[in-house]
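> pasted the sequence and its predicted model underneath.
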Amino acid sequence: MGKPDRLKEEIGWLKLVFGLLVAVDVSLLAWLAQNYATASDVIVFAGGIAIIVITGAIIWVNRAAYKRIEELEDT
């Protein structure tokens with residue numbers, strides 16, 4: 001497998017991970033927005049931390065994908 005093919009496969013996997021993280025992040029944010037008044041403080045705090053961590057992971061995956069795209073353009 002050549003380098004362009006490998007980079008395309010990596011980009012494909014990163015797209016999958018990106019989509020999954022976005023879906024989880026949006027779902028968790030929606031749940032938290034609907035249930036923050038009735039959920040316990042610990043659950044709300046844990047949900048907030050999870051949203052921050054997942055959003056950070058989304059940013060990291062996005063940057064990694066763009067890095068691979070730039071590498072693909074250079075080959």
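Perfect, thanks for sending it.
> find the centremost residue of this protein, please.
Ile58 (2.9 Å; Cα atoms, centre = their mean).
> okay, buried residues for the strand or helix carrying it please.
Here Ile58, judged by DSSP states H and E, is contained in helix 41-74. Neighbour-count burial for helix 41-74, counted by 16 or more other Cβ atoms under 10 Å, picks out 47, 51, 54, 58, 61, 65, 68, 72. Using the backbone N, CA and C atoms, a C-beta is placed for each residue, glycine as well.
> same question, stretch 1-14
7, 10-11, 14.
> got CSV for those residues, with distance to Ala23 and secondary structure too?
Conversion of the buried residues of stretch 1-14 to CSV gives the following (distance: Cβ to Cβ, whole Å; DSSP: H, G, I helix; E, B strand; the rest coil):
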residue, distance to Ala23, secondary structure
Leu7, 25, helix
Glu10, 21, helix
Ile11, 19, helix
Leu14, 15, helix
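> and those, which is closest to Ser40?
Leu14 (35.6 Å; Cβ to Cβ).
> who touches the closest one in this structure?
Under the criterion of Cβ atoms under 8 Å, 6 or more residues apart in numbering, the neighbours of Leu14 are 61, 64-65, 68.
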